[in-house]
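Engineer: below is the sequence, then the predicted model.
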Amino acid sequence: MVSIQRFHSTSRLSEMAIYNGVIYLAGQVPEKTVQEAAYEQTKEILDLIDQLLAEVGANKSRIISAQIYLADMSDYDEMNRAWDEWVDTKSPPTRATVEAKLAVPDWKVEIVITAAA
């Protein structure tokens, strides 16, 4: 049986888990830019994703799939501006972007990542 590695765990969730060669990130949300616009929130979230992946020896070129949740689709262009500045254009992941009511009213963006270890 293959073990599951869990990182930055609380009694509620793990920020990252690895199973069978696949890295799963919890939904990443802004921590420092909560009062900022979608562009700044997205940039911070992408930096958090970079940090988590680097912790296990991976990087954005290993991302398989991204699920992006926007509190308001009117922020789509601003989120995409940050995404386009960041994404590995030689290995872009599959991606879905949907509008959803996020857990904290000031969050404009939440991103879930699946990557190859």
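Structural biologist: Received it, and whenever you're ready, just let me know what you need. Residues are numbered from 1 along each chain as shown.
Engineer: and the longest helix that the chain contains, what does it pack onto?
Structural biologist: Determined from DSSP state H, the single longest helix within the chain is helix 38-55. Judged by 3 or more C-beta pairs under 8 Å, 6 or more residues apart in numbering; DSSP states H and E, the packing partners of helix 38-55 are strand 14-19, strand 22-25, helix 76-86, strand 109-116. Just so you know, the C-beta spots here come from the backbone N, C-alpha and C atoms, and that holds for glycine as well.
Engineer: that one to helix 76-86, inter-axis angle?
Structural biologist: 40 degrees (axes from the mean of the first three to the mean of the last three C-alpha atoms, to 10 degrees).
Engineer: give me the contacts around helix 38-55.
Structural biologist: 7, 15-16, 23, 25, 28-34, 59-60, 62-63, 70, 75, 78-79, 81-83, 85-86, 107-111, 113, 115 (C-beta atoms under 8 Å, 6 or more residues apart in numbering).
Engineer: switch to 7 Å and redo it
Structural biologist: With contact meaning C-beta atoms under 7 Å, 6 or more residues apart in numbering, helix 38-55 is reached by 7, 15-16, 23, 25, 28-33, 59-60, 62, 75, 78-79, 81-83, 86, 108-109, 111, 113, 115.
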